[in-house]
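Colleague: structural data only, the sequence is not supplied:
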């Protein structure tokens, strides 16, 4: 069974204090690993799709990396507007279904 | 702009009542999904449909039903058999191409009163 574990559950940062979120996964053949941002009371917003170990993608202050067992979402010099819950999900090679982690809630204080 | 529209945003259900959550998309996506989100848990798959007139049960289908009569629409009915329906419900579709992944709607929060 596919499993996704995100850590930490919550992260409180000072504005400008860089940090990383972890997503550990087990999947029977990886089709894709996804990162989403979710604001309270809203649907998840797509950030990145990673397909193979060694791949990296960047968007503004966010950078996602992938190994065979885990993915990291690095937040560089965060701003208060980066406060949100970040969700990680994996899709196996032979299925259209995604398995999600419980998320990491990031709070950035000014 | 294309997207997924979920309605209503908030829904209240009385004990023993069936309610239907709407999900409409104008993205021309074939596959659509319903997820349930509870505090502290990952999104859990209720039902999914890869083509019109076909759908499959997800991990927590008991107490729910769906239909897929049109490509654009994938409504979810929460029946009285669902004993703990209070949750945030999310509809999604698969986006192919460069930014492959799910596109989500804005969600419906269902509360039992």
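Modeller: Here it is on my side, so go on. This structure is a prediction, so every number in the text was calculated from the model and none was measured.

Colleague: please see if the least confident helix or strand in chain B by mean pLDDT touches chain A.
Modeller: Ranked by mean pLDDT, DSSP states H and E, the weakest helix or strand in chain B is strand B:101-104, scoring a mean of 90. Yes - on the criterion C-beta under 8 Å from any C-beta of the partner chain, strand B:101-104 is in touch with chain A at B:101, B:102, B:103, B:104. For glycine as for every other residue, the C-beta is placed from the backbone atoms N, C-alpha and C.

Colleague: might you enumerate the residues of chain A proximal to chain B?
Modeller: By C-beta under 8 Å from any C-beta, the residues of chain A that approach chain B are A:4, A:9, A:32, A:34, A:36, A:41-46, A:49, A:87, A:89, A:96-103.

Colleague: in chain B, which residue is closest to the centre?
Modeller: The centre of chain B sits closest to residue B:34, judged by C-alpha atoms, centre = their mean, with a distance of 3.0 Å.

Colleague: on that earlier part again, for the least confident helix or strand of chain B, enumerate the helices and strands it packs against.
Modeller: If contacts are counted by 3 or more C-beta pairs under 8 Å, 6 or more residues apart in numbering or on different chains; DSSP states H and E, strand B:101-104 sits against strand A:30-38, strand A:45-50, strand B:87-95.

Colleague: from the contact counts, what lies against the first one?
Modeller: Put plainly, it is strand A:30-38. With contacts defined as 3+ C-beta pairs under 8 Å, 6+ apart, strand A:30-38 has these neighbours: strand A:19-26, strand A:45-50, strand A:62-66, strand A:70-75, strand A:84-92, strand B:101-104.
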